[in-house]
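Here is my input; please provide its structure:
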Amino acid sequence: MECLSLNKLFTYLQNRAHIRGQARIEAHLSSGCPTCNENLRWLEIVTTSTAEDRSFDFSDETIAAIVTQFKTQTAADVLPLRQRIARLVFDSFLTPQFANARTAAAAAANRQVLYQTEGYHIDLRFELSDENNDEQLIGQVLPEQWDATELTQFKVQLLQHGSVISATNTNARGVFKFPQLMSGTYDLKVSVPDGEINLERVSTARSM
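Predicted structure coming up:
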C-alpha cells in the first residue's frame, strides 16, 4: 500500500473513515511506514493545539474603544514643539543720532531689522508705499547651516493681538513677503523642522 495522503490521515484521526478503510490504514501504519507515522504524529499535535486554543475575536465595539484609547495616549505623548524667542541684533532706526533727527528719519525711511536665534537668522525689511499709507514686509529666514541642495520652505505667520492675520511660505532662498501691510506692531511665527521661532512685538517703519 502506498503512503497515505494527509487528508486520509486526518479522516482516520477523526474516526470518520469507513470501517474497512480504517482497517487498511491501521494495517499500513502498523507496517512501520516512517512517513505516514510522522505525518500522523504531526496531525495529532496540530489537532490537539487547535482544540486547546481559547483565543477569540474582539467585538467591533471593543476594537473601536482600544483604537480611541491608543490615539488619546499617543496625542498626549507627543513632545511639544520647541519654542525659540528670537532676539533683535540690529535695527537701522537705532543708529546713534539725536532724538529729533531719529524721529524724522523713522517717519520717512524704510526700516531694516535683524533677529537671531539658535541656528537661524531672520532679516526683516519694512518698505514704505508711495501711493498708499501702508508698508510692505520683505523677510528672509537664513539657517546657519544652509544647504543649497535642500530647498526647504518655512511657514511664516503674521499675528496681531494673538490672532493670525496672514500666512505665507518662504521660497527656496528663504525669502517671504507680506504686501500692503498696515503700519503697526506685529508678532511673527516661523515654523522650522524642529520647532517654532517667535519674533515678538515687531514694529513697522511708520509705527516707530
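
from here on, contacts and neighbour counts on C-alpha atoms
Fine.

Quick check: pLDDT value at the residue nearest to residue 118 when sequence neighbours are not counted.
Computed as CA to CA, 6 or more residues apart in numbering, the closest residue to residue 118 that is not its neighbour in sequence is residue 84, at 7.6 Å. Residue 84 carries a pLDDT score of 90 in this model.

Same check on residue 129?
pLDDT at residue 129 comes out at 82.

Can you name the residues that contact it?
Under the criterion of CA atoms under 8 Å, 6 or more residues apart in numbering, the neighbours of residue 129 are 135-136.

Kindly provide the distance from it to residue 110.
Distance, residue 129 to residue 110, using CA to CA, to the nearest Å: 10 Å.

now do residue 183
Between residue 183 and residue 110 the distance, using CA to CA, works out to 12 Å.

Give me the common contacts of those two.
Contacts common to residue 183 and residue 110, judged by CA under 8 Å, 6+ apart, are residue 205.

So this protein: which segments form each domain?
The chain is divided into the following domains under automatic domain parsing: 6-77, 82-203.

Would you single out the least confident of the ones you listed?
Lowest mean pLDDT within those: domain 6-77, at a mean of 72.

So which residues of the protein form helices?
Listed in chain order, the helices of the chain (DSSP state H) span residues 6-13, 19-30, 34-52, 60-77, 99-108.

burial measure for the residue nearest to residue 118, as a count.
Other residues near residue 84 come to 16 when the count uses other CA atoms under 10 Å.

Isn't it up against residue 194?
No: under the criterion of CA atoms under 8 Å, residue 84 makes no contact with residue 194, lying 10.1 Å away.
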